[in-house]
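Novice: sequence below, structure please.
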Amino acid sequence: MKTIPPALQTHLDSGTTTLAWCWRIARADGLAFGFTDHDRALVFDGTEFEPESGLTASEIRSGADLSVDAQDAAGALRSDRISEADILDGRWDNAGVELWRVNWQAPGQRVLMRRGAIGQIRRGRHAFVAEIRSMSHILGQTVGRTFQASCDAALGDARCGVDLEDPAYRGAGTVIDGLRDRAFAASGLGGFAPGWFRFGMLDWTTGPNAGRRAEVLGHDRSDGIAVLTLLEAPIRAFGAGDSFTIHAGCDKRVTTCARKFGNVVNFRGFPHIPGQDTILRYASQDGGHNGGVL
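Specialist: Next up, the predicted model:
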């Protein structure tokens, strides 16, 4: 149940209201943006809400159970702060959203209608539609550990313990030539064995993708030159001379943890659990029935 401030309640009871919707969106990179359907800029809580930004929302849907309530926000890519490149780049994914009902004549009279997060974003040529999920979507996320053979820690985090800033696991390179939209030859990595950076992370330091991060799908070497393949093509095309830093990757297997990182003591999987093929095994006449492990 929402508590409406007395001043706003008095305004609502007056019969003639001056109300507007305001959206405050906080992205994962720390930037916060404000949008309103009013024709003037509104300011409160240290955020300026841009007027007539092309952002409109559907009706608010709420249920009495714990299902995920959703609302769609549609935009025409008209605001200078909402760019198609940033949407494609994932900058707005899972951003926190606050939806306010505000008296635009006195922004201090306002009530928070909903908190949520941006879910699926559907993009067209000139517009986008973003799904705003209620906070109950968090209840559908997996919490805790999973009983699996592979490691469930993120390489380099506190549970893993590997220092990715160690020169053995970190490199710096420069694009020599683009081979495909997501593959390129790079200098500076000749001292690393092929496959060393597979499943690792690449951070662009110069060029149009500076500040972006990409996952490495493949790492080969040809005539002493490293050839890297990214999982996804960057939104902005890379070119010769673009620099990056890159960290080693892990396929989450216990053998890799032991041989590549010498870190099996911190392995967070269960490598000795029976595989799915165990339930498919059956008795045969070729021996092996000595009571031992199949």
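Novice: how about the residue positioned nearest the centre of the chain, nearest residue that isn't a chain neighbour?
Specialist: Residue closest to the mean C-alpha point of the chain, counted by C-alpha atoms, centre = their mean, is Asp93 at 6.0 Å. Excluding its sequence neighbours, the residue lying closest to Asp93 (C-beta to C-beta, 6 or more residues apart in numbering) is Ile118, at 6.7 Å. Just so you know, the C-beta spots here come from the backbone N, C-alpha and C atoms, and that holds for glycine as well.
Novice: who's in contact with the one you found?
Specialist: By C-beta atoms under 8 Å, 6 or more residues apart in numbering, the contact set of Ile118 is Ile25, Trp92, Asp93, Asn94, Ala95, Val97, Ala130, Glu131, Ile132, Arg133.
Novice: repeat that for 10 Å
Specialist: Ile118 makes contacts with 25, 27, 73, 92-97, 130-133, as judged by C-beta atoms under 10 Å, 6 or more residues apart in numbering.
Novice: report the buried members of these.
Specialist: The neighbour count (16 or more other C-beta atoms under 10 Å) marks Ile25, Arg27, Ala73, Trp92, Ala95, Val97, Ala130, Glu131, Ile132, Arg133 as buried among these.
Novice: domains of this structure?
Specialist: 6-140, 170-247 (automatic domain parsing).
Novice: Ile273: which of the ones you listed is closest?
Specialist: Set against Ile273 and scored by C-beta to C-beta, those come closest in domain 170-247, at 22.2 Å.
Novice: what mean pLDDT does the closest one have?
Specialist: Mean pLDDT, domain 170-247: 92.
Novice: so Leu12 belongs to a helix, correct?
Specialist: Yes: assignment of Leu12 by DSSP: H, G, I helix; E, B strand; the rest coil places it within a helix.
Novice: for the remainder of this discussion, apply numbering that starts at 824.
Specialist: Yep, numbering from 824; the last one is Leu835 now.
Novice: element containing the closest residue to it other than its chain neighbours?
Specialist: Leaving aside its sequence neighbours, Leu835 sits nearest to Ile827 (C-beta to C-beta, 6+ apart; 7.3 Å). If you go by DSSP states H and E, Ile827 is not part of any helix or strand.
Novice: now the one 3 residues further on
Specialist: Per DSSP H and E: Ala830 is located in helix 829-836.
Novice: by contact count, what packs against that helix?
Specialist: Identification of packing neighbours for helix 829-836 by 3 or more C-beta pairs under 10 Å, 6 or more residues apart in numbering; DSSP states H and E yields strand 842-849, strand 919-926, strand 933-946.
Novice: quick one on the thing from earlier: looking at the buried ones among the contacts of Ile941, spot the one nearest Gly857.
Specialist: Looking across these and measuring by C-beta to C-beta, the closest to Gly857 is Ile848, at 7.7 Å.
Novice: how close does the closest one get to Trp923?
Specialist: 12 Å (C-beta to C-beta, to the nearest Å).
Novice: do Asp980 as well
Specialist: Distance of Asp980 to Trp923, given as C-beta to C-beta: 36 Å.
Novice: the more surrounded of those two?
Specialist: For the pair Asp980 and Trp923, the greater number of neighbours falls to Trp923 (22 against 11), based on other C-beta atoms under 10 Å.
Novice: the more buried one contacts Cys845, correct?
Specialist: Yes: at 4.3 Å, Trp923 counts as touching Cys845 under the criterion of C-beta atoms under 10 Å.
Novice: overlap in contacts, these two.
Specialist: Applying C-beta under 10 Å, 6+ apart, one finds that Trp923 and Cys845 are jointly contacted by Gly857, Thr859, Leu865, Phe867, Asp868, Thr870, Phe872, Pro930, Arg933, Leu935, Met936.
Novice: so which of those residues are in strands?
Specialist: Judged by DSSP state E, the subset of the shared contacts of Trp923 and Cys845 located in strands is Gly857, Thr859, Leu865, Phe867, Thr870, Phe872, Arg933, Leu935, Met936.
Novice: quick one: least confident helix or strand in the chain?
Specialist: Across the helices and strands of the chain, mean confidence by mean pLDDT, DSSP states H and E is lowest for strand 893-898: a mean of 56.
Novice: tell me who's in contact with Val934.
Specialist: Lys825, Thr826, Ile827, Pro828, Leu831, Gln832, Leu835, Trp923, Arg924, Val925, Asn926.
Novice: so can I have TSV of the residues you listed showing pLDDT?
Specialist: Converted to TSV, these look like this (pLDDT from 0 to 100):
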residue	pLDDT
Lys825	76
Thr826	84
Ile827	89
Pro828	89
Leu831	92
Gln832	92
Leu835	91
Trp923	90
Arg924	91
Val925	94
Asn926	94
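Novice: if anything else comes up later, I'll come back, but that's it for now.
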